[in-house]
Every structure is written in structure tokens, then in C-alpha cells.
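Enquirer: Okay, sequence plus prediction incoming.
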Amino acid sequence: MASSAQALDCDHDVTRANFSDKLPIIRQALQECSFYSFDLEMTGLFMDSCHANYLDDMQDRYAKVRENSSSFEISQFGLSCFKVSQDGRSYEAKTFNAYVFPEPMAFDLSGGTGTRKFMCDAGAMSFLAHEGFDFNKWVRQGISYLPLRHYEQRVQQIQQGYQQPRSQVVIDKLRDIEFVARLLEEVKAWLAGDEPVLQLTLANSFERLLCFQELSKKSNFVPKPEGKTKEAEETRGEAPSPDEAQPGVTDKAQGQEEVAEQAWHRGFFIKKVEVNGMGQLQLIRTPTPADLERAVAEDQAERIAVMKGAAGFSAVMEAMRDCRRPAVGHNCLFDIMFMMAAFVDPRLPRHWDDAKKLVAAWFPGGIYDTKHLASLLPDEMLLQETSLGQLFSNLTQPDTPQRGAAAAAMKFLSSSMDMSLAIPEVRHADGFTQYLSSETGANAHEAGYDAFMTGAVFSILAPLVHAASLSQNSGRPMVPPPEGEQQGPSAMDVSDKEDDAASQGSWDVDAQYQPLPYITQHVGRLNISRSDMPYVAIWGKDPVLKRPYVLHLVNQGPSNVHSNDVGRRLQAAGAPGRPKVSGLPSGSVLGGYLAEMDVAAMKEAGLSMDELVEKLRASMSSVSPTAWQVQVQEMGEGVATGRGVGPWMIQSWVDFSAQKQQLLQESQVAERGGRSVKRSRVAVAQETPQPAAEPSSLSSVVSKCTIS
């Protein structure tokens with residue numbers, strides 16, 4: 001008989017077929033682990049208008065990530081749970097590779113459903129196919145998932161639905177009158193017999209609505225007493241006695257008629273069922289009020305179970321939150337926001353500061369980014385290439401120069417500082433050896449294997465960053481100097497005196513696993529690709545970008561100006577070299593363009609930024625008295641196709657950033673108060689359209705809901 005470990009290995013992937021069996025194992029692995037790592041594969045990364053720009057600030061970059069994560073879907077989810085040994089010198093990993101497919105029916109907040117839609121990028125699909133991704137397994141066996149906000153709201157609607165009064169439909173068309181007459185005749189005949197169930201065959205949802213309405217009316221089944229008019233019957237009614245009360249009784253203020261109608265025990269329960277793919281109604285005989293209550297409870301439980309099944313893999317997201325262990329990703333900002341949109345709430349906050357709070361609530365144990373950690377190490381560690389595959393190969397394979405340098409650093413610091421530092425060994429736990437023969441990276445870009453590589457890299461980077469911090473603080477070099485030579489400390493800075501995320505934040509790792517002290521200052525610091533931002537901080541403040549060679553420009557005439565035209569205008573006005581110009585996204589608080597001056601050309605020309613501004617003033621008609629604002633007039637027709645004729649406003653990055661931050665704060669305050677934001681305080685002639693206001697405050701429903 002095969003052992004449970006062997007049986008687990010036979011099921012290489014987590015799919016819809018085995019998810020119910022694997023979920024308890026995943027939960028247990030998360031509860032027992034020291035840290036866990038994750039990785040995602042998606043149907044795409046970038047919408048056409050949402051590519052990263054080098055000069056993005058974090059709000060604009062987040063707006064693009066937000067749009068992308070709400071447009072594409074997750075196709076594969078990798079999770080690897082690492083448990084440290086008692087002596088701290090090795091880790092065991094339990095790795096899961098899950099195919100996930102969004103719940104096909106999109107549940108809206110009014111209780112209706114519609115077909116779920118998402119984007120696919122042909123390049124991303126081709127890449128996955130090249131890497132051996134099983135698209136049939138993804139669609140047919142992918143574990144469903146539903147945002148937990150939708151799950152919680154739909155469960156509340158189900159629980160409250162039996163008490164909600166239904167709006168009345170006026171029946172004035174002949175075909176509807178005839179339908180109701182046939183319906184009542186059929187139901188009365190069934191009630192006169194003893195069959196427990198009556199299956200109704202209905203043509204559409206409107207007929208279902210008529211059924212609910214007419215079968216709930218006492219007047220359709222109980223003859224009116226002599227001497228009572230229809231009007232008196234409908235207006236007076238009789239209040240139910242306590243033992244006659246039924247689920248669905250409305251507040252007394254809604255009228256005695258509604259009380260009387262809903263208190264009346266009609267002798268059956270109306271249950272919605274699916275027959276041949278169509279919604280139909282089934283009448284279930286309930287002779288007593290107790291039978292009716294039991295039928296209501298059973299139906300409610302069934303409907304909640306359906307929603308629980310639809311939520312599916314979102315239960316893993318809950319387990320990750322509830323274990324309160326450190327999470328590890330590689331270059332993981334995209335992964336995190338995709339997880340938030342898919343499993344928590346598809347309507348992510350508009351503002352980056354609010355998004356940070358949402359992420360922090362779902363990762364209470366902290367997040368570490370191996371891309372950022374690798375960037376902290378000195379050049380002598382030979383980690384210039386920080387892609388996941390290269391880091392894994394260089395740090396885990398025994399004969400690489402990087403592994404040798406890491407081992408030498410650990411040994412040297414241990415001996416020179418009289419302490420124990422070593423590179424830990426990583427191995428697969430029993431029953432989780434599906435990647436045992438893939439140590440060289442043959443399964444790269446399978447989410448489970450990438451998650452394992454991420455955790456393995458972190459297990460080595462953590463003591464290396466710790467050692468580098470000790471080296472810096474003690475003044476000793478990180479690696480042994482050549483024999484006979486003296487060497488100073490490593491040229492690196494693994495701390496940030498302006499912002500200690502661990503001290504300013506409120507992350508709360510479980511006491512069972514405390515990371516190395518010099519690692520915790522990097523908790524929540526995520527790498528930002530294609531940017532001069534060193535990182536962004538989920539806990540604490542993001543680094544302040546100075547960007548002294550960047551200007552913000554807004555055209556105060558026609559808006560159809562290409563960024564190349566702006567660059568040529570700057571050159572014509574005296575800017576040396578080739579300024580790099582990029583347009584701000586349409587949803588940005590401030591529109592216009594950002595221009596990075598050619599620093600090398602400026603130095604060659606002997607120009608400072610102040611001198612450049614004076615040069616611009618001398619070349620253009622200046623009307624601004626401030627040091628950094630110059631209003632420039634078009635140099636003449638025919639320049640750069642002659643588009644965008646009109647004056648320009650130019651300001652420094654510092655002024656632009658401060659102005660934008662003020663507007664963002666005003667926007668947050670206004671949105672939380674349900675008010676629109678006016679931009680009259682900013683003299684920007686080229687207005688940009690603002691997205692519709694969305695709730696930006698965090699809901700306790702999202703941060704605390706549970707699939708039980």
C-alpha cells in the first residue's frame with residue numbers, strides 16, 4: 001500500500017479534482033512553516049496603455065499595476081512552505097503547484113450573475129505554451145476562485161434574502177394573466193394530492209418572478225370570508241401569533257398586509273434549482289411551520305456551500321494570512337497586487353497609500369523581496385545578475401563563484417567575529433519531491449518550482465544580508481582580503497537611516513519564527529523594476545525621490561503634443577544633449593510630461609540646472625517670477641510638425657511632487673467623504689480626465705472574512 005507521502009507525490013499538481021484533499025495539507029504546512037514563498041503565472045502583465053515608465057512616481061506606477069491586475073487573471077499559483085531545522089542550518093520545503101481558473105459566473109452585488117471576462121496577452125500565452133503549460137488542465141481542472149469580498153457579500157445576501165420583501169409586479173398583459181391562472185390551477189391540484197415535490201417548467205426569469213409573487217399571496221389560495229371585500233382583506237390583515245411566525249416576516253411598519261401575507265403558512269417551500277442549464281422552480285411540501293423552517297435552513301446551507309465552492313482557492317489566501325508567517329516573493333509587486341485583485345477585492349484602492357494598508361492587512365507576518373535583498377549585497381558577492389533563475393543557480397549550485405564567495409564570507413565573518421554564520425542547506429520534504437530532479441532549473445516558470453526557487457534563494461540571502469550588516473557595523477570586510485593585504489569594510493549600505501520600515505510599521509510576525517535581526521529592517525521593501533526608486537515600503541514611508549534633473553511640463557495650448565516634440569522644443573530652447581521625455585498617464589492627478597535632462601551633456605557644457613533654467617528664460621519669453629517656473633511660447637511654426645502650439649508651464653520635480661502629493665491627499669479625503677475633487681488650485685491648462693471615484697477605505701469585511 002502506498003504511503004501518504006508517495007500518494008502526494010503522485011499528484012504533482014493541485015487541481016479541482018484533488019483540492020479538497022490538498023487544502024488541509026496546505027493549511028498545515030503554512031501553520032508549521034518558518035516562512036513561505038510564492039510565485040504566480042498570469043494571462044498577461046501589461047495593458048497597452050499601462051507599461052512602466054522610468055520616471056513614474058509610485059502613485060502613477062501603482063495606477064498602472066492596478067489596471068493590469070484587474071484586467072488579467074492568475075493561471076497558476078505556486079506556494080512553497082519552508083521549515084527551519086532545530087539547529088537553524090537547514091530547511092525543508094513543502095511545495096504546491098496549483099492550476100487556478102476564475103469562477104466562470106461573476107456574482108454581482110445585486111445577486112445576479114453574468115459571464116466572467118478577462119484579458120489574455122498573446123505573448124504571455126505563447127510564453128506559457130513554450131514552457132509546457134497545460135492549458136486544458138487550466139480550464140478543465142483549474143481550481144475556481146472568487147474574491148473574498150464578493151464571497152462575503154453574497155453569503156450575507158443569502159442569509160438575509162429570506163427576509164427581504166419582493167417588489168410587486170403589475171400583471172396586466174393577457175399572456176401573463178393566463179400564465180398565473182394555469183400556475184395556480186397546477187399548484188392547487190398538487191396540494192390536493194400527496195406528492196412531496198412539484199417541478200415547475202418555466203420559460204424565463206420573468207415567469208420565475210411571477211411564481212414567487214403569486215404563490216406567496218394568501219388571497220390566491222384562501223377564500224375570503226363572507227362580508228369582507230377585497231380591499232378590506234388587503235388592508236386589514238391579521239397579525240400572526242408567535243407560533244405561526246415564519247421566516248420572511250417583515251417589519252410591522254411595512255404594513256399589516258405584508259405581515260399577514262408572509263405569516264400565512266402556504267404549505268410548501270419554493271426552491272430554485274437548475275434543470276438542463278436553466279433556472280427552474282421546485283415546490284417542496286412543508287405541512288407545518290417547522291417543516292418550512294427546516295427547508296429554508298437546508299436551502300440556505302446548500303447555497304452557501306455553492307458559494308464556498310466558488311471561492312475555492314481564495315481559502316489558501318486566507319490560510320496565508322492566518323498563519324502570520326513571513327512571506328517571500330521575487331520582484332513581487334505585481335504578484336501581490338494580482339493576488340489582492342483575484343482573491344480579496346477586484347476593486348483595488350485608487351491610492352497607493354490605501355493599497356499599502358490593504359496589503360499589510362493580508363500579510364501580517366511581513367513580506368520580503370529577494371530581488372531587493374540581492375541588490376543590497378556588495379560587488380564582491382558577484383550577484384550582478386539578479387533574475388530568479390540566475391540567483392538560484394549561482395547560490396545553490398556547489399561549484400559557482402557566487403556560492404564560493406558566499407561560503408567564504410560566512411566562514412570569514414564567523415571566525416573574525418566569534419560567531420556562527422553558515423549557508424543553510426535546502427531540501428525537499430518527504431512526499432514533496434516532485435522537483436527533486438529539477439535542481440538546475442528545468443522546471444523554471446512553473447509557478448510551484450519558481451516559488452521553491454524563491455524560498456531557497458531567500459534562505460541564503462537572509463544570512464548574507466545579515467552578515468553584510470555585521471560587516472558594515474563592525475568595520476570588518478565581508479570577504480577575506482587577499483593574503484598580506486588590508487581591506488576596509490564592504491562598500492555597501494544595507495540600512496536606511498531615513499526610513500526603518502520595521503520600526504515605523506506595524507508588521508507582526510509570529511513568535512515561532514523571528515528573522516535575523518538585520519533582515520527585519522527590510523521587511524515590506526519591494527523592488528521596483530525600470531525605475532530609479534530603490535524600493536517601495538509596505539510598512540513605513542517610501543523613499544523620497546529628489547530627481548534634480550527632471551522637469552514637469554504642461555502644454556497650455558492644444559493637447560496633441562508628442563513626447564518627441566517636447567524634447568525637440570527643449571533642445572531648441574537650449575537644453576544640451578537629448579532630454580528624455582515621457583507623457584504622464586491620462587489618469588494622473590497632474591497631466592503633462594516629465595523630461596529628464598541629459599546630465600552628461602550638461603556637465604560637458606558646464607551647465608547646472610539653475611543655469612539651464614536661466615538659459616531657457618533667455619531663449620523663451622519668460623513670464624514667471626519664480627526660480628523654477630518658466631512659461632515658454634512656441635518657437636515658431638514648422639517646429640516638430642507644428643503640433644501643440646501654445647505656451648508651456650515648467651516646474652521642478654520637487655515642486656511637481658509636492659503639488660501632486662497635496663492633490664492626492666485632498667482626493668483621498670474627498671472620496672472618503674463621498675465628494676468629488678476640484679482641481680482649481682492647480683493652474684494646469686491641459687486637464688486630464690479623472691477616473692470615477694471608488695471607495696478607498698479598507699473594509700473589515702475584506703480583511704477579516706473567513707471561508708469556514
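Expert: The structure has been received and is ready for your questions.
Enquirer: Go through this protein and flag its longest helix.
Expert: Ranked by residue count under DSSP state H, the longest helix found in the chain is helix 447-474.
Enquirer: How far off centre is that one?
Expert: 25 Å (Cα atoms, centre = their mean, to the nearest Å).
Enquirer: Mind listing what's buried along it?
Expert: Across helix 447-474, burial judged by 16 or more other Cβ atoms under 10 Å covers 447-472. (Each C-beta comes from the backbone N, C-alpha and C, glycine too.)
Enquirer: where in the stretch 1-150 of the chain is pLDDT low?
Expert: Within the stretch 1-150 of the chain, the stretches with pLDDT under 70 are 1-11, 46-50, 105-115.
Enquirer: can you check the stretch 301-450 of the chain too?
Expert: In the stretch 301-450 of the chain (pLDDT under 70), the answer is 415-419, 438-442, 444.
Enquirer: Strands along that one, start to end?
Expert: If DSSP state E, counting those that start in this stretch is used as the criterion, the strands of the stretch 301-450 of the chain fall at 327-329, 367-369, 425-428.
Enquirer: How about the stretch 101-250 of the chain?
Expert: Counting by DSSP E, counting those that start in this stretch, the strands of the stretch 101-250 of the chain are 105-107, 113-115, 197-200.
Enquirer: May I have the strands that pair with the last one, each with its orientation?
Expert: Sheet partners assigned to strand 197-200 using DSSP bridges are listed as strand 278-285 (antiparallel).
Enquirer: Return the set of buried residues in the partner strand.
Expert: For strand 278-285, by 16+ other Cβ under 10 Å, it's 280-281, 283-285.
Enquirer: Return the member of those residues nearest to Ala305.
Expert: Comparing the buried residues of strand 278-285 against Ala305 with Cβ to Cβ places Ile284 closest, at 17.9 Å.
Enquirer: Tell me the secondary structure at the nearest residue to the closest one once chain neighbours are set aside.
Expert: Computed as Cβ to Cβ, 6 or more residues apart in numbering, the closest residue to Ile284 that is not its neighbour in sequence is Phe269, at 4.7 Å. The local conformation at Phe269, judged by DSSP: H, G, I helix; E, B strand; the rest coil, is strand.
Enquirer: likewise the one 3 residues further on?
Expert: Each residue gets one of three states, and Lys272 gets strand by three-state DSSP.
Enquirer: I'd assumed Leu283 was in contact with it.
Expert: No. Assessed by Cβ atoms under 8 Å, Lys272 is found out of contact with Leu283, at 11.2 Å.
Enquirer: Report pLDDT for the residue nearest to Ile284.
Expert: As predicted, Phe269 sits at a pLDDT of 91.
Enquirer: What is the burial count for it?
Expert: 19 (other Cβ atoms under 10 Å).
Enquirer: ditto for Met602
Expert: 19.
Enquirer: The one 10 residues further on now?
Expert: Neighbours of Leu612 under the rule other Cβ under 10 Å: 20.
Enquirer: So Leu184 is in contact with Asn220, correct?
Expert: Yes. Here Leu184 reaches Asn220: they are 5.6 Å apart, a contact under Cβ under 8 Å.
Enquirer: Please enumerate the shared neighbours of these two.
Expert: Common contact partners of Leu184 and Asn220 (Cβ atoms under 8 Å, 6 or more residues apart in numbering): Glu214.
Enquirer: how close does Val465 sit to Leu391?
Expert: Counting by Cβ to Cβ, to the nearest Å, the gap between Val465 and Leu391 amounts to 13 Å.
Enquirer: er, Leu292 I mean
Expert: 63 Å.
Enquirer: List the contacts of the residue nearest to Ala360 when sequence neighbours are not counted.
Expert: Nearest non-adjacent residue to Ala360, counting by Cβ to Cβ, 6+ apart: Ile538, 5.6 Å away. Contacts for Ile538 were tallied using Cβ under 8 Å, 6+ apart; they are 356, 359-360, 363, 367, 501, 505, 524-526.
Enquirer: where does Ile538 land on pLDDT?
Expert: 95.
Enquirer: Burial check on the closest residue to Gln402 other than its chain neighbours, number of neighbours?
Expert: Spatial nearest neighbour of Gln402, excluding adjacent residues (Cβ to Cβ, 6+ apart): Asn394 at 3.7 Å. Look at Asn394: counted by other Cβ under 10 Å, it has 22 neighbours.
Enquirer: CA atoms only: put stretch 602-614 into CSV for me.
Expert: Only the C-alpha atoms of stretch 602-614 are listed here, as CSV (Å, rounded to 0.1, in the frame of the first residue of the first chain):
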residue,chain,number,x,y,z
MET,A,602,25.0,69.4,-19.2
LYS,A,603,28.3,68.6,-17.5
GLU,A,604,30.2,68.7,-20.8
ALA,A,605,28.5,72.1,-21.5
GLY,A,606,29.3,73.3,-17.9
LEU,A,607,25.7,73.9,-17.1
SER,A,608,23.9,73.5,-13.8
MET,A,609,20.2,73.1,-13.5
ASP,A,610,19.9,76.7,-12.3
GLU,A,611,21.9,77.9,-15.3
LEU,A,612,19.8,75.8,-17.7
VAL,A,613,16.7,77.4,-16.4
GLU,A,614,18.3,80.8,-16.9
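Enquirer: shouldn't Cys183 be in contact with Leu210?
Expert: Wrong residue type there; residue 183 is Leu, not Cys. Yes. With contact defined as Cβ under 8 Å, Leu183 reaches Leu210; the gap is 7.5 Å.
Enquirer: in a strand, that's where Phe96 is, yeah?
Expert: Yes. Counting by three-state DSSP, Phe96 falls inside a strand.
Enquirer: Contacts only, for it.
Expert: 14, 22, 26, 29, 78-80, 448.
Enquirer: which of the residues you listed lies closest to Lys546?
Expert: Closest to Lys546 out of the contacts of Phe96 is Gly78 (37.8 Å), distances taken as Cβ to Cβ.
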